[in-house]
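>>> here is a sequence together with a model predicted from it:
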Amino acid sequence: MASIGMLNLMLIFIILCPCLILGTDTSTGAVGRKCACNDKPCLETNHTCVLQNPNALCIAMKMRDDSQREVSLLMCEEDPKGPEERPFPCQNPESNPYYMSKCCVDQDYCNRELVKDMHLEPLPTTQPTVCNLKPAFGDCDMEAFLWYYNTTLNDCQQFVYSGCGGNDNKFYTKDSCLRQCHDYKAKPDEPISMVNLSLAIAIPVTIICLAAFFLMAVRWYLLQKSASRPIRMQVPLIPGTGSQVIPMGWNLTDLHNTATSSSGSGLPLLVQRTIARQITLVDCIGKGRYGEVYKGRWRGEHVAVKIFSSREERSWFREAEIYQTVMLRHENILGFIAADNKDSGMVTQLLLVTDYMENGSLFDFLNMTTIDTAGMIRLAYSTANGLAHLHVEIVGMQGKPAIAHRDLKSKNILVKRNGQCAIADLGLAVRHDSERDTVDIAPNNRIGTKRYLPPEVLDDTINVNHFEAFKRADVYSLGLVFWEIARRCSIGGIYEEYRLPYYDMVPCDPSIEDMRKVVVGDRQRPTIPNRWNNVEPLRVLAKVMKECWYHSAAARLTALRIKKTLDNLRVAEDVKL
């Protein structure tokens with residue numbers, strides 16, 4: 001039998017990876033068909049499983065275990081992912097040295113015959129140059145724990161791999177990583193000759209001068225053209241300027257100050273559209289189910305541009321709407337700049353422009369580095385501070401309604417340059433109308449991330465007409481984020497590897513049923529290491545997180561109480577923000 005690590009990888013391959021088909025018609029399935037099975041649950045059924053679902057399949061797989069040996073796995077797949085007429089386990093892959101899969105339903109034990117002719121491609125010989133590549137998490141939504149070579153530490157370290165994409169600096173075991181890269185040494189930079197140095201300076205300067213001359217000529221032409229054109233419509237003025245045009249020399253700080261000093265609800269729509277169409281996209285820095293995130297440049301400063309796919313129009317509209325709520329702007333909420341939609345010819349692009357955070361998400365940050373107690377307190381307090389601002393209602397002429405996030409997790413929290421956090425991704429947020437005591441929920445079929453859902457959402461007992469229920473659900477998720485942060489706190493060189501909550505209790509891509517069994521049925525919570533009780537900041541944070549994930553939602557702390565507790569800890573430990 002394969003090891004636990006191999007089984008985790010197998011689950012990823014079944015769900016995400018295209019697989020070989022033998023030409024069998026799998027469109028109808030065969031209820032009652034018997035399949036060969038060598039998984040653990042089949043030991044008591046004479047290595048046989050029976051299909052119960054019309055769409056179920058017999059699966060035969062070949063893969064490699066932790067020692068890179070070729071192993072076989074036979075099983076039943078009751079709910080194959082992908083299109084009904086062409087499930088993922090039955091699609092044709094390219095040659096792959098790590099796994100392959102075939103499916104069938106044409107006769108009893110058909111997968112036993114399939115596996116006899118299945119052989120993996122030989123393992124590739126990894127070139128030493130892969131050892132200096134930065135770890136790439138990939139493009140999918142799964143999590144597998146692989147190893148990469150860290151050239152700074154000259155050692156192999158674990159990181160979370162998404163299941164597809166990335167680069168070749170990834171190994172399934174630490175031994176295989178060390179075997180490949182233990183002799184690797186970074187090549188010293190070659191000295192630059194005077195000729196090359198002169199060219200490196202002269203060419204960019206020449207290009208910049210020509211570009212500046214061209215831009216001045218174009219601007220002069222446009223000014224001359226617009227001077228003779230009468231104004232036909234009135235548009236909103238930029239607050240504090242009395243102008244319809246963004247002043248020359250203004251930067252992002254000026255825009256933020258303008259938006260904050262007026263209603264706090266963002267810039268006029270025409271100004272947002274102007275900014276969005278002046279941005280130059282630099283490179284893609286992230287992908288997800290909603291679309292892609294690019295690093296962009298506006299007037300010499302970096303911004304983040306979130307481009308939603310057309311099917312996620314509701315999420316785009318909702319997030320833009322929430323970000324422009326009066327008085328929402330806060331140091332621990334991701335800074336909103338603009339929203340726009342434009343026709344790119346083939347499809348309509350839905351853009352959301354925000355501040356750029358070079359450290360990436362809290363998930364990425366914790367994966368790549370450890371933190372001291374001051375850094376831990378700074379991350380935890382700033383996250384609680386941002387959530388408390390979302391949850392609170394500000395009463396007044398320019399007040400703010402209470403807002404609940406509904407999808408709080410480490411991937412939706414960004415890390416600022418000063419070590420504080422900023423909460424992002426408000427596409428699922430709900431607002432409270434205190435006058436009518438109603439909850440403003442946008443029509444959106446998405447739910448929060450299953451791993452972070454509280455018990456009352458998992459068992460469908462949450463009262464969606466009661467706004468406090470959504471705030472309490474956010475607090476549960478916040479407790480799990482605190483657990484992720486605390487694991488990476490290094491005391492005397494001792495810390496835990498980064499892991500997602502419930503990593504040791506559910507599969508890599510858990511279903512609602514998986515989470516319901518663990519969280520609701522068994523009432524399990526992430527494990528608190530004993531060492532946390534010996535360090536005061538860790539002990540306090542552990543106590544807070546336990547009070548965040550109580551099974552009874554009414555017993556959980558409020559975001560404001562959490563903020564005050566962590567602020568007291570911050571003052572006691574003399575942590576500067």
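Done, it's in.
>>> pull the contacting residues for residue 286.
If you count contacts by Cβ atoms under 8 Å, 6 or more residues apart in numbering, residue 286 has them with 292, 293, 360. The way it works is simple: take the backbone N, C-alpha and C, and place the C-beta from them, glycine included.
>>> sec struct for the second one, please.
Right, the one you point to is residue 293. strand (DSSP: H, G, I helix; E, B strand; the rest coil).
>>> burial measure for it, as a count.
19 (other Cβ atoms under 10 Å).
>>> ok, it touching residue 282?
No: Residue 293 lies out of contact with residue 282 (Cβ atoms under 8 Å); the separation is 11.5 Å.
>>> ranges for the helices of this structure?
Using DSSP state H, the helices of the chain run over 4-16, 110-114, 174-181, 194-227, 252-261, 269-278, 313-323, 362-368, 373-391, 455-458, 467-487, 512-515, 536-548, 559-572.
>>> and the contacts of the second one?
Outside of helix 110-114, the residues that reach it under the criterion Cβ under 8 Å, 6+ apart are 22, 24, 35, 36, 58, 59, 60, 74, 102, 103, 104.
>>> can you list the domain ranges for this protein.
4-117, 130-181, 272-356, 362-572 (automatic domain parsing).
>>> weakest of these by average pLDDT?
Lowest mean pLDDT of those: domain 4-117, a mean of 74.
>>> hang on, the earlier thing: and the helices of the chain as JSON lines, adding distance to residue 348 and mean neighbour count?
Formatted as JSON lines, those follow (distance: least, Cβ to Cβ, whole Å; neighbours: other Cβ atoms under 10 Å):
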{"stretch": "helix 4-16", "distance to residue 348": "28", "mean neighbour count": "18"}
{"stretch": "helix 110-114", "distance to residue 348": "45", "mean neighbour count": "21"}
{"stretch": "helix 174-181", "distance to residue 348": "44", "mean neighbour count": "18"}
{"stretch": "helix 194-227", "distance to residue 348": "27", "mean neighbour count": "10"}
{"stretch": "helix 252-261", "distance to residue 348": "25", "mean neighbour count": "16"}
{"stretch": "helix 269-278", "distance to residue 348": "13", "mean neighbour count": "17"}
{"stretch": "helix 313-323", "distance to residue 348": "8", "mean neighbour count": "20"}
{"stretch": "helix 362-368", "distance to residue 348": "30", "mean neighbour count": "21"}
{"stretch": "helix 373-391", "distance to residue 348": "30", "mean neighbour count": "24"}
{"stretch": "helix 455-458", "distance to residue 348": "32", "mean neighbour count": "21"}
{"stretch": "helix 467-487", "distance to residue 348": "31", "mean neighbour count": "24"}
{"stretch": "helix 512-515", "distance to residue 348": "32", "mean neighbour count": "16"}
{"stretch": "helix 536-548", "distance to residue 348": "40", "mean neighbour count": "19"}
{"stretch": "helix 559-572", "distance to residue 348": "37", "mean neighbour count": "18"}
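>>> select, out of the ones you listed, the one closest to residue 329.
Of all the helices of the chain, helix 252-261 sits nearest to residue 329, with 5.4 Å by Cβ to Cβ.
>>> got a list of what residue 498 touches?
158, 160, 366, 367, 484, 487, 488.
>>> identify the farthest-apart pair in these.
Distance extremes for the contacts of residue 498: the farthest pair is 158 and 484 at 14.8 Å, using Cβ to Cβ.
>>> isn't residue 60 up against residue 72?
Yes: counting by Cβ under 8 Å, residue 60 does reach residue 72; the two are 7.3 Å apart.
>>> the more surrounded of the two?
Taking other Cβ under 10 Å, residue 60 and residue 72 do not tie; residue 60 has more neighbours (29 against 16).
>>> distance of the more buried one from residue 98?
Residue 60 sits at a distance of 16 Å from residue 98 (criterion: Cβ to Cβ, to the nearest Å).
>>> burial measure for residue 466, as a count.
For residue 466, the count of nearby residues is 13 (other Cβ under 10 Å).
>>> now it, what are its backbone angles?
The phi/psi pair for residue 466 (degrees, to the nearest 10) reads phi -110, psi 110.
>>> where's it relative to residue 342, distance?
From residue 466 to residue 342 the distance is 40 Å (Cβ to Cβ).
>>> do the same with residue 204
Taken as Cβ to Cβ, the span from residue 204 to residue 342 is 31 Å.
>>> with residue 367 instead?
For residue 367, the distance to residue 342 - Cβ to Cβ - is 34 Å.
>>> again, but for residue 209
Taking Cβ to Cβ, one finds residue 209 at 32 Å from residue 342.
>>> ok, residue 576 next?
Note on residue 576: its distance to residue 342, by Cβ to Cβ, is 43 Å.
>>> which of these two has more neighbours?
Higher neighbour count among residue 576 and residue 342: residue 342, with 11 against 8, using other Cβ under 10 Å.
>>> wait, doesn't that one sit right on residue 348?
Yes: with contact defined as Cβ under 8 Å, residue 342 counts as touching residue 348 (7.3 Å).
>>> common neighbours of those two, please.
What both residue 342 and residue 348 touch, as defined by Cβ under 8 Å, 6+ apart, is an empty set.
>>> local confidence estimate at residue 220?
79.
>>> before we move on, back to that, nearest to residue 194, out of the domains of the chain?
Of all the domains of the chain, it is domain 130-181 that lies closest to residue 194, at 28.3 Å by Cβ to Cβ.
>>> for that closest one, measure first residue to last.
For domain 130-181, the first-to-last residue distance is 9 Å (Cα to Cα, to the nearest Å).
>>> give the buried residues for stretch 99-110.
Applying a neighbour-count criterion of 16 or more other Cβ atoms under 10 Å, one finds 99, 100, 101, 102, 103, 104, 105, 108, 109, 110 buried in stretch 99-110.
>>> how near is the residue nearest to residue 504 when sequence neighbours are not counted to residue 137?
Spatial nearest neighbour of residue 504, chain neighbours left out: residue 527 (7.6 Å); criterion: Cβ to Cβ, 6 or more residues apart in numbering. From residue 527 across to residue 137, the span is 25 Å (Cβ to Cβ).
>>> more crowded one of those two?
When residue 527 and residue 137 are compared for neighbours, residue 137 comes out ahead with 20 against 14, by other Cβ under 10 Å.
>>> dump the residue contacts of the more buried one.
Taking Cβ under 8 Å, 6+ apart as the test, what residue 137 contacts is 159, 160, 161, 162, 166, 364, 367.
>>> next, format those residues as a markdown table and append distance to residue 312.
Shown next, in a markdown table, are the contacts of residue 137 (distance: Cβ to Cβ, whole Å):
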| residue | distance to residue 312 |
| --- | --- |
| 159 | 28 |
| 160 | 24 |
| 161 | 25 |
| 162 | 19 |
| 166 | 24 |
| 364 | 22 |
| 367 | 26 |
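>>> so of those residues, which ones are in strands?
159, 160, 161 (DSSP state E).
>>> tell me the contacts of the first one?
The neighbours of residue 159, taking Cβ under 8 Å, 6+ apart as the test, are 135, 137, 145, 146, 147, 148, 170, 367, 368.
>>> gap between it and residue 423?
24 Å.
>>> now swap in the last one and tell me
Using Cβ to Cβ, we find residue 161 at a distance of 26 Å from residue 423.
>>> now the ones in strands among the contacts of residue 137 in CSV, with distance to residue 181?
Output for those, formatted as CSV (distance: Cβ to Cβ, whole Å):
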residue, distance to residue 181
159, 14
160, 19
161, 17
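>>> what is the nearest of those to residue 428?
Among the ones in strands among the contacts of residue 137, residue 160 lies closest to residue 428 (Cβ to Cβ), at 23.1 Å.
>>> okay, and the beta partners of that closest one?
residue 145 (DSSP bridges).
>>> and it, what does it touch?
Neighbouring residues of residue 160 by Cβ under 8 Å, 6+ apart: 137, 143, 144, 145, 363, 367, 498, 500.
>>> just flag the most distant two among these.
Pairwise over the contacts of residue 160, using Cβ to Cβ, the maximum falls at 144 and 363, 14.5 Å.
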